[in-house]
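Colleague: Sequence first, predicted model second:
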Amino acid sequence: MKRQFAITANVQRFLAGIDAVEARGAGEAGMLLVYGEPGYGKSRTAKWWSLRRDVDAIFLTGKQTWTPHWALTDLVLAMNLIPERSNERLNAQAAGVLFRTHQTIVIDEAENAIADGAAVLETFRGLTDLTEVSLVLVGTHTLEKGIRKYRQISSRIADKVLFLPATVEDVAQMCKELAEVTIGSDMAEEIHYHTEGRVREVLNAIDRVERFAKDNSKTKISRADMVGQVINNDWQNKREAKVRPVQRPVQARA
């Protein structure tokens with residue numbers, strides 16, 4: 001597949017959320033909450049945005065064993081600094097850089113930051129309150145529900161973005177932008193049917209279609225080409241999802 005990123009409806013909502021946070025009035029209300037079911041492309045989108053050339057951001061992945069000290073250490077390491085030993089000095093290190101660079105902090109799997117009374121997230125809240133940088137929190141519905149418990153944190157949420165299953169149009173767009181062969185609209189619909197719009201599975205399906213096309217020296221693939229071929233593995237139900245036969249229209253009698 002091509003090494004590029006497809007702009008789906010979820011991505012467009014994410015970018016709109018970023019714009020809303022950056023245009024906020026209160027400097028301390030600089031948090032964006034990004035949440036949804038696993039597999040809908042939240043982490044992939046957050047990382048893609050963080051690594052864009054026109055964006056200055058620090059990307060972190062929350063850990064189940066995070067403590068305020070460990071989280072600050074990870075942040076300082078991401079800033080290419082040698083971490084100090086105490087929380088106070090770590091906080092000063094990070095604040096010094098953020099005052100100068102005003103980088104956005106992105107935390108993936110941020111539900112790990114609300115454990116133990118949200119001590120870790122409180123640490124980041126204090127840091128972003130001080131420096132007025134933006135903080136993007138990415139996680140599941142557990143994160144969204146958890147933050148509601150802490151008014152001092154939830155009041156800092158400037159906007160929130162719910163990631164939804166990819167639409168048929170999204171899947172067709174991904175096929176068009178990412179595949180190195182032409183995938184017909186009927187095949188894109190078949191991919192959507194079997195993956196239920198889970199981006200992770202859509203990407204795997206596109207890769208399968210592409211490999212089938214190359215193995216059979218084809219430059220364009222329709223649903224009819226792949227009838228009976230495995231398009232997705234449903235490990236939960238222990239079965240392989242195969243491309244369904246194409247239903248032929250019933251001809252009316254003369």
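Modeller: Sure, I can see it.
Colleague: Compute the number of surrounding residues for residue 53.
Modeller: A count of neighbours around residue 53, defined by other Cβ atoms under 10 Å, yields 5. Using the backbone N, CA and C atoms, a C-beta is placed for each residue, glycine as well.
Colleague: ugh, wrong one, I meant residue 198
Modeller: 20.
Colleague: Assign a three-state SS to the nearest residue to it once chain neighbours are set aside, would you?
Modeller: In space, not counting the residues next to it along the chain, residue 198 is nearest to residue 39; the distance is 3.9 Å by Cβ to Cβ, 6 or more residues apart in numbering. Following DSSP: H, G, I helix; E, B strand; the rest coil, the label given to residue 39 is coil.
Colleague: what's around residue 39, how many residues?
Modeller: Using other Cβ under 10 Å, residue 39 has 19 other residues around it.
Colleague: and the residue nearest in space to the middle of the chain, what is it in contact with?
Modeller: The centre of the chain sits closest to residue 42, judged by Cα atoms, centre = their mean, with a distance of 1.7 Å. With contact set as Cβ atoms under 8 Å, 6 or more residues apart in numbering, residue 42 has these partners: 10, 34, 35, 36, 108, 138, 139, 163.
Colleague: pLDDT score for it?
Modeller: Reading off the per-residue confidence, residue 42 sits at a pLDDT of 98.
Colleague: Quick check: residue 138 touching residue 111?
Modeller: No. Under the criterion of Cβ atoms under 8 Å, residue 138 makes no contact with residue 111, lying 9.4 Å away.
Colleague: Counting neighbours, go ahead and name the busier of these two.
Modeller: Between residue 138 and residue 111, counted using other Cβ under 10 Å, residue 138 has the larger neighbour count: 27 against 22.
Colleague: any idea which element the more buried one lies in?
Modeller: strand 135-139 (DSSP states H and E).
Colleague: which residues of the stretch 151-254 of the chain fall in helices?
Modeller: 151-154, 168-178, 185-195, 199-215 (DSSP state H, counting those that start in this stretch).
Colleague: what's the angle from the longest one to helix 185-195?
Modeller: Just to be clear, that refers to helix 199-215. Between helix 199-215 and helix 185-195, the angle comes out at 140 degrees (axes from the mean of the first three to the mean of the last three Cα atoms, to 10 degrees).
Colleague: Counting by contacts, list what helix 199-215 packs against.
Modeller: For helix 199-215, the contact count by 3 or more Cβ pairs under 8 Å, 6 or more residues apart in numbering; DSSP states H and E identifies helix 168-178, helix 185-195, strand 220-221, strand 230-234 as packing neighbours.
Colleague: give the contact list for residue 171.
Modeller: Applying Cβ under 8 Å, 6+ apart to residue 171 gives the contacts 188, 189, 191, 192, 195, 197, 202.
Colleague: try residue 98
Modeller: 127, 131, 133.
Colleague: any idea how far it lies from residue 50?
Modeller: In this structure, residue 98 and residue 50 are 15 Å apart, going by Cβ to Cβ, to the nearest Å.
Colleague: quick revisit: list just the nearest of the contacts of residue 98 to residue 224.
Modeller: Looking at those and their distance to residue 224, the nearest is residue 133, at 52.9 Å (Cβ to Cβ).
Colleague: Please consider this matter closed, and thank you.
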